[in-house]
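*Asks:* the following block contains a protein sequence and its predicted model.
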Amino acid sequence: MKKILITLILFLSIGELYAQLDTIFIDTEYNDTCHLWKNVEVRNRYKLEMDINWRDIDLTDGVLVDDTLLYHSNKTIKYKKGEDMSRLIYFVHGIGGSVKSWSAVSDIHDQEYVYHDDLIEYVDFQRDFKAASGEVQKQMILGKNTFLDIDFSVTPPAPRREEYGRPYAIGHSQGGLVLRALDMRYNTSLYGKYNESDRKFWGFITVGSPNAGARIAISMDEVDKLSADLVSKLAAPEILNLLNNTNIKIPFKSKRFNKLYNKANLLVNDIVKNLVKEIAGQLTKDKRDPIAKQFGPDSKYLSDTLNHTTPTIAKAAFYAREDDPIFWRIATYMIGKDPYDYAPFGANDDGALAENMIDLELKYIAEAYSTKIQIKNHKSRIAKCKWWKPWKCIGKKNLQDEVDSLTREEDAWNEGADFLSKVNLSYKVILGAVDPNNMYKQETVGYTCYYRAFDWMRFSQLPKSMQNNPTIRAKYYYDASRTVKNASDCNGGYRLEPIVETTLIEIPTDATVPVPSQKALPGCVTWHIREMNEVLDHDNPDWNNVTIRSGVNHMQERNCDQTDAMLRRIYEGFGTPEFFILERR
């Protein structure tokens, strides 16, 4: 029973995986360009349309610039250097997050750079982007920050614009979309409540945000099924194994226990139905708010309303991509600690569970083989039962019952192993990273050229008289082959076979959001869209000594080695808009 409970506890915890998953964009063709959009003149009503071309908006009398350059070219909105001495940076969490999401790293650099961090929370206001952005605006006004011991109900805070240089915001996942929604409200007065005079940030950065849509936002039923299948496939063989072991120890009660075998599938289904569904429902209740429907792949809100950019606002986007197996790597932080529970930049071991799952798959294969051997031994004993050897037939009925039970167990072990081998691909389909109707492509990468070769080395050792014998000479020819790149390179060959390579058609993701969606920040320029793949020496950072390392998943983005380099790029305006530069201490 302990074995069953351990298995169930481990994999029920995976329910936390889809409880905290954010957003995704499905696209069958990988497009590595930034989707750039434009405003339509706002008159009596608000309207936006998508610009299907590269940015060609001329806002500077014939001089083409991007949004950030336009911001810096407008001298009327520059501010004095002295105001930079106390920059305020808002950190905004994603769906299912909290004020703790950024807590491990939000203030970690304040001994090097002059800034004040403010952790924003809107977890109870995820009905839609209107509610979420409204709550974020409220929190920015109140200055809600877990590190400030100020009772604002007694001492209202001073306006942020007067206290600090122009603030900016960093939003992870859905948090980036919420910042975009609030920026749009400032700039267009959508909903009629805010305008530019209410603005609380003048630049923003999206991190792993689903800027171009979110398939997983409308795929929670599929995630439910994957989780239920996971528990079912992994629990079934454990239950059957327990029953079989009990039966072996109490053979004379096999008839009674055989009733349990017949109910084993019902037991597994009951676990899935009552335990998994109930726990999963609780875990995901506050993660399935209507807001998720606003950034589905066909969401009109995302393609029309939120299709907006404010030219005078500095912006940048960071994206990440995870290595295989993405499902087990991101599950490391769902079953174990959240990234913010690690030391600063310490959530780097995303392969721990992946290795365990490989071991588990091998275990299931081994258990299936072991059970098969037991079945073979039992059948061998049954075969010895002959009518003229009645003493060999003692216990035959029990043995046959055990064979039937062990056969079910063997099938369950094999199904579990098979499921483990395919769950990563199933997860990619849910993410929209893989199209189930067009999963693989075949490509000819070369050719095998077959030809007749002659063994000159052995032939040359023959006497001259034998070398002139055609029959003997023919024996030294043999079939050979070589690999060539082009068919025309097979000179003298008698047969040519193409070498076909089959590969998975896949859009890279951070195990939650596809890369194209993360990169598609409206109004951005390509040189301000950067991958989180740089690692610096945390104690002695040097941009001349950077290690390039991908393999960052959606959860890690908030607190891993690459997070340090990302934040430093922002604070130093190095590869990001100069607006984000902080003064050094």
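*Replies:* Looks like it arrived, so ask away.

*Asks:* in the stretch 451-585 of the chain, what residue spans correspond to strands?
*Replies:* 477-484, 495-504, 529-531, 534-535, 547-548 (DSSP state E, counting those that start in this stretch).

*Asks:* and if you look at the chain?
*Replies:* All strands of the chain, identified by DSSP state E, fall at 38-39, 48-49, 87-92, 115-120, 165-172, 203-207, 314-319, 440-454, 477-484, 495-504, 529-531, 534-535, 547-548.

*Asks:* mean neighbour count for the ones you listed - can I get that in CSV?
*Replies:* Yep, even glycine has a C-beta here, placed from its N, CA and C like the rest. Shown next, in CSV, are the strands of the chain (neighbours: other C-beta atoms under 10 Å):
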stretch, mean neighbour count
strand 38-39, 19
strand 48-49, 16
strand 87-92, 25
strand 115-120, 23
strand 165-172, 24
strand 203-207, 28
strand 314-319, 28
strand 440-454, 13
strand 477-484, 13
strand 495-504, 12
strand 529-531, 20
strand 534-535, 19
strand 547-548, 10
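
*Asks:* and residue 338, how far is that from residue 558?
*Replies:* Distance from residue 338 to residue 558, counting by C-beta to C-beta, to the nearest Å: 9 Å.

*Asks:* more neighbours, the two?
*Replies:* The neighbour comparison of residue 338 against residue 558 (other C-beta atoms under 10 Å) goes to residue 558, with 29 against 19.

*Asks:* tell me the contacts of that one?
*Replies:* Going by C-beta atoms under 8 Å, 6 or more residues apart in numbering, residue 558 touches 101, 102, 104, 105, 172, 207, 339, 340, 347.

*Asks:* in this structure the first one contacts residue 93, no?
*Replies:* Read it as residue 101. Yes: the pair residue 101 / residue 93 is scored as a contact, 3.7 Å apart, by C-beta atoms under 8 Å.

*Asks:* overlap in contacts of those two?
*Replies:* Here residue 101 and residue 93 have residue 172 as joint contacts, going by C-beta under 8 Å, 6+ apart.

*Asks:* pLDDT wise, what is the most centrally placed residue in the chain at?
*Replies:* The centre of the chain sits closest to residue 511, judged by C-alpha atoms, centre = their mean, with a distance of 0.9 Å. Looking at residue 511, its pLDDT is 91.

*Asks:* any chance you could map the helices in the stretch 351-500 of the chain?
*Replies:* Under the criterion DSSP state H, counting those that start in this stretch, the stretch 351-500 of the chain carries helices at the ranges 352-383, 396-431, 456-459, 464-467, 470-474.

*Asks:* so which of those is the most packed in?
*Replies:* With neighbours taken as mean count of other C-beta atoms under 10 Å, the helices of the stretch 351-500 of the chain reach their highest mean count in helix 396-431, at a mean of 20.

*Asks:* who are the packing partners of that one?
*Replies:* Counting contacts by 3 or more C-beta pairs under 8 Å, 6 or more residues apart in numbering; DSSP states H and E, helix 396-431 is packed against helix 220-249, helix 254-270, helix 326-335, helix 352-383.

*Asks:* how distant is the shortest one from the center of its chain?
*Replies:* Between the mean C-alpha location of helix 326-335 and the chain-wide mean there is a distance of 9 Å, by C-alpha atoms, centre = their mean, to the nearest Å.

*Asks:* buried set for it?
*Replies:* The neighbour-count check on helix 326-335 (16 or more other C-beta atoms under 10 Å) flags 326, 327, 328, 329, 330, 331, 332, 333, 334, 335 as buried.

*Asks:* low-confidence regions, the stretch 151-300 of the chain specifically.
*Replies:* 151-164, 239-240, 242-289 (pLDDT under 70).

*Asks:* what do you get for the stretch 301-450 of the chain?
*Replies:* 335.

*Asks:* if we use 80, what do you get?
*Replies:* Within the stretch 301-450 of the chain, the ranges that satisfy pLDDT under 80 run 331, 334-336, 351-364, 387, 389-398.

*Asks:* can you give me the domain assignment for the protein?
*Replies:* For the chain, automatic domain parsing gives the domain ranges 18-215+294-337+511-580, 440-504.

*Asks:* can I get these in JSON lines with distance to residue 400?
*Replies:* JSON lines is the format used below for these (distance: least, C-beta to C-beta, whole Å):
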{"stretch": "domain 18-215+294-337+511-580", "distance to residue 400": "40"}
{"stretch": "domain 440-504", "distance to residue 400": "44"}
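
*Asks:* closest one to residue 221 among those domains?
*Replies:* domain 18-215+294-337+511-580 (10.3 Å; C-beta to C-beta).

*Asks:* nearest to residue 298 among the helices of the stretch 351-500 of the chain would be which one?
*Replies:* Comparing those by C-beta to C-beta, helix 396-431 comes nearest, at 16.3 Å.

*Asks:* could you check the angle strand 495-504 makes with the closest one?
*Replies:* 80 degrees (axes from the mean of the first three to the mean of the last three C-alpha atoms, to 10 degrees).

*Asks:* and helix 396-431, how far out from the chain middle?
*Replies:* Relative to the centre of its chain, helix 396-431 is centred 27 Å away, using C-alpha atoms, centre = their mean.

*Asks:* quick one: that helix to helix 352-383, angle?
*Replies:* Helix 396-431 and helix 352-383 are oriented at 150 degrees to each other (the same axes, to 10 degrees).

*Asks:* contacts for stretch 427-441?
*Replies:* With contact meaning C-beta under 8 Å, 6+ apart, stretch 427-441 is reached by 24-28, 215-216, 219, 222-223, 226, 297, 326-327, 425, 502-509, 511-512, 514.

*Asks:* let's see 7 Å
*Replies:* Stretch 427-441 is contacted by residues 24-26, 28, 215-216, 219, 222-223, 226, 326-327, 425, 502-507, 509, 512, 514 when judged by C-beta atoms under 7 Å, 6 or more residues apart in numbering.

*Asks:* any of those buried? List them.
*Replies:* Neighbour counting with 16+ other C-beta under 10 Å marks 24-26, 215-216, 219, 222-223, 226, 326-327, 425, 506-507, 509, 512, 514 as buried within these.

*Asks:* next, find the distance separating the residue of the chain most remote from its centre from residue 471.
*Replies:* What lies farthest from the middle of the chain is residue 465; by C-alpha atoms, centre = their mean that is 73.0 Å. Distance of residue 465 to residue 471, given as C-beta to C-beta: 13 Å.

*Asks:* just residue 572 next, same as before
*Replies:* Applying C-beta to C-beta to residue 572 and residue 471 gives a distance of 82 Å.

*Asks:* kindly report the same for residue 415.
*Replies:* Taking C-beta to C-beta as the criterion, residue 415 is separated from residue 471 by 60 Å.

*Asks:* pLDDT wise, what is residue 117 at?
*Replies:* The model's pLDDT for residue 117 equals 93.

*Asks:* bridged to it, which residues?
*Replies:* As for beta bridges, residue 117 partners with residue 89 under DSSP bridges.

*Asks:* give me every residue that touches it.
*Replies:* By C-beta under 7 Å, 6+ apart, the contact set of residue 117 is 89, 91, 106, 107.

*Asks:* residue 566 now?
*Replies:* Counting by C-beta under 7 Å, 6+ apart, residue 566 makes contact with 318, 532.

*Asks:* again, 10 Å this time
*Replies:* 105, 170, 205, 207, 316, 318, 320, 530-534, 552, 557, 560, 575-576 (C-beta atoms under 10 Å, 6 or more residues apart in numbering).

*Asks:* next: residue 327.
*Replies:* 14, 17, 226, 230, 353-354, 357, 423-428, 430-431, 511.

*Asks:* of those residues, closest to residue 382?
*Replies:* residue 230 (35.9 Å).

*Asks:* hang on, isn't the closest one packed against residue 420?
*Replies:* Yes: using C-beta atoms under 10 Å as the test, residue 230 is close enough to residue 420 to be in contact (8.8 Å).

*Asks:* okay then, goodbye and thanks.
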